[in-house]
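> with the sequence up front, the predicted model follows.
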Amino acid sequence: MGAIRILAPSVRDQIAAGEVVERPSSVVKELVENSLDADAKLVELYVSGGGKAGIRVKDDGVGMDQEDLALAVTRHATSKLTHLDDLSHSLTLGFRGEALAAISAVSRMVITSRPAASSSGFRLSIGGNSEPQLTACASHAGTTVEVEDLFYSVPARLKHLKTDAAELFQIQQLVTALALAYPHVAFRLTTPERVLFDVPGRGEALDVFLAAYGREVAAASLPVNFESTDGLVSVRGTVAPPEFSRSARNAETIVVNGRVIHNWALRAALEEAYRPQLAERRFPVAAIRVMLPGDRLDPNVHPQKSEVRMDDERKVAALVHRAVRETLAARSGSTAFWLGEGPALAKAPSQQVSQALEFPETATYASDQRADKPPVPVLSSEVASLNPLGQWAQKYIVAEGERGLYLIDQHAAHERVYFEKFQREFEQATVSQLLLMPLSLTVPPEVQGVLDQRRGVLESAGFDWTSLSSRSIIVRAVPRALNEAELSEEALVTILTGFSDHQGQHPWTYVMDAAAMAACKTAIKAYRQLSREEMLELFRQLAACDDPRSCPHGRPTLLHFTMEEVDRRFGRKG
């Protein structure tokens, strides 16, 4: 008896603080979100010691009077909702009323605030187990929160924080993301040494890109502006071209209804939209802002409110994927034209050559465009009119063009051609084709187990098979995109194994990986001798691709050398 007891208030507060305040950036997040909820147009942050020594957030928001300021540091005190139903309609970032109470439990905190209509302000000092001290003072209109000695009362948490530089980097990443979510708000982040981040709040995301990623990235970035057909969901933002990719995801920003979140489905949709143009383990620089009705969103699923639950999440992810992909597809250089408006492509080679080296048909790519999609940009006749000079090591085609010398990787180029064919057909149709001769495949038992679990997904994609044993299956049908004449047992095993490798991930991962794997297995290989006619046909097909610059794995399909560059290498002046 007597083993169960009620915890002391100070213990309860520190335990609760552990869920909300994980590190200095958690404090910054809660305080800045309070500023944004207070309609601030200017948020100034000062950070010392990586946030461990001190954090100051100053805003020009609506401010608090004496009564509200006294209540603000009480747990579960909030101005943002009254009833549970308010959650489904509220667009505020905070709603639990825990942040200030949690921060004060593990630090020494001073809040100074004044409403614009009031002539004087008030200052509240609180920290540890001491009683709050509320006094009148002179103050600017708005609120300033100063936090010092973070985690002084929780040595174990303080001990496990990273270096000052690492914690400061997390804060800077967070402020950048919030500025991208609220481009109409001015943000300024300073340390004792320098100004780290400063944006004017003119409503332009490019201002934030300029401050965060530099002039070159900002100048090349593209606006995203897309809406669902019913007008209820919008996708807006800014994306940088693939050549500005990074080795980590820290330049990907996902915002839903003004809240910076982590969401695997939306992140996967964003990355898959880039994927054909990015090498492995490279990630885009992009900021995507999604707006949807409040009753379709549940923000109360994570202690730090960094995750949300959405109705029809897959449809929202589909909209993000399409918005980003079409924005990138619409990007074209000075030599681009729209299919159907530019010069005719080279004529197809003879039937004999076509049988020797199979090329997928691409003429339907233009005619099959849906009315609500823009024309597909393709390269001009620059690639289609290249003149092949020969092969080098039976891996690379050497060609000349109007702008210089070209080296074409024959496998990567053919892989790109097939990848776009497979990708289109996987997306546009899931019609099965029965194999004339069913294929008997040997697969690992764990792969077959996953295939059986995901049978519904695979059947909807066009596959049909029967299990003979724990290691053997008979494949009777495959998606129409996989031409039976082009399909080998090795390619099919690779594709099905790839599906099993991505269990639990977004469906686009299946589509893109299946297309990439099928293309890799089907394309011509290195050390294959090509005739001149086959080279010309490869150029024609590559020029008609949506993005002929790289293979599905991000490797370049061709290298270009100008005459000036070659002359310089030879020491010639021209």
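Noted; the coordinates are in hand.
> and the helices in the stretch 451-574 of the chain?
455-461, 489-501, 507-522, 532-543, 563-569 (DSSP state H, counting those that start in this stretch).
> so what does the first one touch, helix or strand wise?
Okay, so that is helix 455-461. helix 489-501, helix 507-522 (3 or more C-beta pairs under 8 Å, 6 or more residues apart in numbering; DSSP states H and E). (Glycine included, C-beta is placed from N, CA and C.)
> please compute how far it lies from its chain's middle.
A distance of 26 Å separates the centroid of the chain from that of helix 455-461, by C-alpha atoms, centre = their mean, to the nearest Å.
> tell me the mean pLDDT for that helix?
Helix 455-461 comes out with an average pLDDT of 74.
> please save the CA atoms from it in CSV.
Extracted C-alpha coordinates of helix 455-461, given in CSV (Å, rounded to 0.1, in the frame of the first residue of the first chain):
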residue,chain,number,x,y,z
ARG,A,455,-0.7,-8.6,-53.8
GLY,A,456,-3.5,-6.0,-54.1
VAL,A,457,-1.0,-3.3,-55.0
LEU,A,458,0.8,-5.4,-57.5
GLU,A,459,-2.3,-6.7,-59.1
SER,A,460,-3.6,-3.2,-59.5
ALA,A,461,-0.3,-2.4,-61.2
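> go ahead and confirm residue 205 touches residue 183.
Yes - here residue 205 lies in contact with residue 183, judged by C-beta atoms under 8 Å, at a distance of 4.8 Å.
> look at residue 56 and say how many residues are nearby.
17 (other C-beta atoms under 10 Å).
> ok, it - contacts?
Each residue near residue 56 by C-beta atoms under 8 Å, 6 or more residues apart in numbering is listed here: 44-47, 144-147.
> quick one: which of the residues you listed sit in strands?
44-47, 144-147 (DSSP state E).
> what's the closest of those residues to residue 424?
For these, the residue nearest residue 424 by C-beta to C-beta is residue 45; the value is 47.4 Å.
> the closest one reaches residue 29, doesn't it?
No - counting by C-beta under 8 Å, residue 45 stays clear of residue 29, with 11.2 Å between them.
> what's the closest non-adjacent residue to residue 242?
With C-beta to C-beta, 6 or more residues apart in numbering as the criterion, residue 242 has its nearest non-adjacent residue at 3.9 Å, and that residue is residue 277.
> check contacts around residue 113.
Contacts of residue 113 by C-beta under 8 Å, 6+ apart are 63-64, 69, 121-122, 139, 142-144.
> wait, I meant residue 134
By C-beta under 8 Å, 6+ apart, the neighbours of residue 134 are 66, 69-70, 122-124.
> now the two most distant members of those.
Pairwise distances across the contacts of residue 134 (C-beta to C-beta) peak at 11.5 Å, for the pair 70 and 123.
> who's more crowded, those two?
Using other C-beta under 10 Å as the criterion, residue 70 and residue 123 rank with residue 123 on top: 19 against 15.
> partner residues bridging the more buried one?
Under DSSP bridges, the beta-bridge partners of residue 123 are residue 112, residue 135.
> any idea how far residue 38 is from it?
17 Å (C-beta to C-beta, to the nearest Å).
> same question for residue 563.
To residue 38, residue 563 is 61 Å away according to C-beta to C-beta.
> identify the residues contacting stretch 21-34?
By C-beta under 8 Å, 6+ apart, the list of residues contacting stretch 21-34 reads 20, 43, 45, 47, 50-52, 55, 57, 93-94, 99-100, 102-103, 106-107, 143, 145, 147, 150, 161-162, 167, 170-171, 173-175, 178, 304.
> can you flag which of the residues you listed belong to helices?
Among the contacts of stretch 21-34, the members found in helices (DSSP state H) are 20, 99-100, 102-103, 167, 170-171, 173-175, 178.
> closest to residue 540 among these?
Among those, residue 173 lies closest to residue 540 (C-beta to C-beta), at 45.6 Å.
> contacting residues around the closest residue to residue 524 other than its chain neighbours?
Once flanking residues are discounted, residue 524 sits nearest to residue 414: 4.8 Å by C-beta to C-beta, 6+ apart. Applying C-beta under 8 Å, 6+ apart to residue 414 gives the contacts 523-524, 538.
> isn't there a helix covering residue 414?
Yes - assessed by DSSP: H, G, I helix; E, B strand; the rest coil, residue 414 belongs to a helix.
> tell me the pLDDT at it?
At residue 414, the pLDDT value in this model is 89.
> gap between it and residue 548?
11 Å.
> now do residue 283
23 Å.
> one more: residue 152?
Residue 152 is 59 Å from residue 548, by C-beta to C-beta.
> pull out the buried positions in the longest strand anywhere in the chain.
Longest strand in the chain by number of residues (criterion: DSSP E): strand 432-442. For strand 432-442, burial by neighbour count (16 or more other C-beta atoms under 10 Å) applies to 432, 435, 439, 441.
> which elements pack onto it?
Using 3+ C-beta pairs under 8 Å, 6+ apart as the test, strand 432-442 ends up in contact with strand 472-479, helix 489-501.
> which stretches in the stretch 51-200 of the chain count as strands?
54-59, 108-114, 121-127, 133-137, 142-148, 186-190, 195-199 (DSSP state E, counting those that start in this stretch).
> name the helices or strands packed onto the third one?
The one in question is strand 121-127. Strand 121-127 packs on helix 66-72, strand 108-114, strand 133-137, going by 3+ C-beta pairs under 8 Å, 6+ apart.
> ok, which of the ones you listed comes nearest residue 189?
Closest to residue 189 of those is strand 108-114 (C-beta to C-beta; 19.5 Å).
> dump that closest one to CSV, restricted to CA.
Coordinates of each C-alpha in strand 108-114 appear next as CSV, following Å, rounded to 0.1, in the frame of the first residue of the first chain:
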residue,chain,number,x,y,z
ARG,A,108,14.9,31.2,-16.2
MET,A,109,12.4,33.2,-18.3
VAL,A,110,11.3,36.8,-18.5
ILE,A,111,8.4,38.0,-20.6
THR,A,112,7.8,41.6,-21.4
SER,A,113,4.6,42.6,-23.2
ARG,A,114,2.4,45.5,-24.1
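> what is the orientation angle of it with strand 54-59?
Relative orientation of strand 108-114 and strand 54-59, computed by axes from the mean of the first three to the mean of the last three C-alpha atoms, to 10 degrees: 10 degrees.
> average pLDDT for strand 108-114, rounded please.
Here the average pLDDT along strand 108-114 is 95.
> now stretch 57-67
94.
> mind listing what's buried in it?
Quick answer for stretch 57-67 (16+ other C-beta under 10 Å): 57-64, 66.
> got the end-to-end distance for that stretch?
Distance across stretch 57-67, first residue to last, is 21 Å (C-alpha to C-alpha, to the nearest Å).
> distance between that stretch and the chain's centre?
Computed by C-alpha atoms, centre = their mean, the separation of stretch 57-67 from the middle of its chain amounts to 35 Å.
> just the buried ones from the contacts of residue 56?
For those, a burial check counting by 16+ other C-beta under 10 Å picks out 44-47, 144-147.
> of all these, which comes closest to residue 111?
Using C-beta to C-beta, residue 145 is the member of these that sits closest to residue 111, with 5.2 Å.
> picking that back up, quick check: which of the helices and strands packed on strand 121-127 is buried the most?
strand 108-114 (a mean of 23; mean count of other C-beta atoms under 10 Å).
> what is the orientation angle of it with strand 121-127?
Going by the same axes, to 10 degrees, strand 108-114 makes 170 degrees with strand 121-127.
> hang on, the earlier thing: so can I have TSV of the strands of the stretch 51-200 of the chain showing distance to residue 572?
Listed next are the strands of the stretch 51-200 of the chain as TSV, based on distance: least, C-beta to C-beta, whole Å:
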stretch	distance to residue 572
strand 54-59	61
strand 108-114	70
strand 121-127	74
strand 133-137	76
strand 142-148	65
strand 186-190	51
strand 195-199	48
